[in-house]
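A.B. asks: can't give you the sequence, but here's the structure:
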């Protein structure tokens, strides 16, 4: 029981802090980070930095994170949640 709780909590933290999506708890962590805008800022910084130095970057993740930051206006929650889920599904696919 303790091992499962530890695995799930570290997966959630890994998704929240690093944006690495490789398990169900990490997906929940990444979506939670997007809800608090932390994930969108993190992904914009990461993918935008790759774009600026000329290395391979994920266009969809960069675009979805920029869209997520633009959706901070009240009443845009449904669009924001959809963009977050699609962005993290794309990251899980990669």
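C.D. replies: Right, received. Where do you want to start? Bear in mind that the values here come from a model prediction, so they are computed numbers and not experimental data. Numbers count the residues shown, from 1 in each chain.
A.B. asks: tell me how far the helix or strand containing residue 60 is from the chain's mean position?
C.D. replies: Per DSSP states H and E: residue 60 is located in helix 59-70. Chain-centre distance of helix 59-70: 10 Å, with C-alpha atoms, centre = their mean, to the nearest Å.
A.B. asks: after that helix, next one along is what?
C.D. replies: As assigned by DSSP H and E, the chain's next helix or strand after helix 59-70 is helix 77-93.
A.B. asks: Could you list the buried residues of that following helix?
C.D. replies: For helix 77-93, the neighbour count (16 or more other C-beta atoms under 10 Å) marks 80, 83-84, 87-88, 91-92 as buried. All C-beta spots, glycine's among them, are computed from the backbone N, C-alpha and C.
A.B. asks: which of those lies closest to residue 12?
C.D. replies: Closest approach between those and residue 12, by C-beta to C-beta: residue 88, at 12.9 Å.
A.B. asks: Now do the same contact list for that closest one.
C.D. replies: Contacts here follow C-beta atoms under 8 Å, 6 or more residues apart in numbering; on that basis residue 88 touches 21, 27, 30-31, 34.
A.B. asks: give me the low-pLDDT residue ranges for the protein?
C.D. replies: 73-81, 94 (pLDDT under 70).
A.B. asks: the domain parsing of it - what is it?
C.D. replies: The chain breaks down by the TED database into domains covering 1-54, 55-93.
A.B. asks: rewinding a little: what residues does the helix holding residue 60 touch?
C.D. replies: 34, 37, 39-41, 43-44, 47-48, 51, 80, 83-84, 86-87, 90-91.
A.B. asks: Next, residue 23: phi, psi?
C.D. replies: Main-chain torsions, residue 23, degrees, to the nearest 10: phi -160, psi 170.
A.B. asks: Thought residue 10 was touching it, still the case?
C.D. replies: No - Residue 23 lies out of contact with residue 10 (C-beta atoms under 8 Å); the separation is 9.7 Å.
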